[in-house]
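A.B. asks: A structural model of the following input is requested.
(one chain, ligands or ions: 3)
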Amino acid sequence: MAKLIEVSVISLVLLCVAVAEGVQLGGACTVSTNCTTVATNSECTSKTCRCVAGYVAKSDKAKCLVMFNETCTNTAECLPNATCTSNHCMCNMNFQPSDDGMECNVATALTTSFILLIAAMLVSRFFSALGLENVI
Ligand SMILES: *[C@@H]1O[C@H](CO)[C@@H](O)[C@H](O)[C@H]1NC(C)=O
Ligand SMILES: *[C@@H]1O[C@H](CO)[C@@H](O)[C@H](O)[C@H]1NC(C)=O
Ligand SMILES: *[C@@H]1O[C@H](CO)[C@@H](O)[C@H](O)[C@H]1NC(C)=O
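C.D. replies: Ligands and ions are numbered 1, 2, ... in the order given. Okay, the predicted model is just below:
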């Protein structure tokens, strides 16, 4: 019985130490282990827990997500609306990466109409090329 209590007390102390060491992303830290116990691929830089290069903090700050076109092993590591394809996080269909690669955003209507415009131009060029050939 005494042994059991002793083990319990030790476990509780260890648990408290583990909790005390954990610092959320964005929180004040002294060493990187403060950050990595909470989020893998994080580090303590300028006394703040941040994600390492190529990673970005999830909105709830619970983990570091793989940025667009960075290496991954599974989709759960990627940004929202991205999928791990050929070991790289790629934005899903109809989503496009932000310039900084930290988000996959809905492809804007502007982009869609731009693509349609290019397609229309190519088609019209193709037909005018055919037209010219017929004349010559
Ligand atoms: C960071 O880790 C160190 C070493 O384990 C610990 O002494 C310190 O209390 C931790 N800091 C925070 C804010 O948890
Ligand atoms: C992903 O990165 C590689 C180089 O690391 C580059 O060649 C490729 O074009 C990028 N893909 C996209 C979709 O941006
Ligand atoms: C994009 O990601 C958000 C956040 O995870 C999710 O709520 C939404 O359903 C996703 N959209 C699509 C089309 O998958």
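
A.B. asks: Let me know the pLDDT of the closest residue to ligand 1 within the chain.
C.D. replies: Going by CB to the nearest ligand atom, ligand 1 is nearest to residue 34 of the chain, at 3.7 Å. For the C-beta atoms, the positions are set from N, CA and C on the backbone; glycine is no exception. Per-residue pLDDT puts residue 34 at 97.

A.B. asks: Check residue 114 too.
C.D. replies: 67.

A.B. asks: Ok, residue 121 next?
C.D. replies: With respect to pLDDT, residue 121 scores 83.

A.B. asks: next SSE after the helix or strand bottoming out on mean pLDDT in the chain?
C.D. replies: The weakest-scoring helix or strand in the chain, judged by mean pLDDT, DSSP states H and E, is helix 2-21 (a mean of 60). Next in sequence after helix 2-21, counting helices and strands by DSSP states H and E, comes helix 32-36.

A.B. asks: Now do the strands in the protein.
C.D. replies: 42-45, 48-51, 55-57, 64-66, 82-85, 88-91, 95-97, 104-106 (DSSP state E).

A.B. asks: Contact partners for residue 101?
C.D. replies: Applying CB atoms under 8 Å, 6 or more residues apart in numbering to residue 101 gives the contacts 67-70.

A.B. asks: can we see that at 6 Å?
C.D. replies: By CB atoms under 6 Å, 6 or more residues apart in numbering, the contact list for residue 101 reads 67-68.
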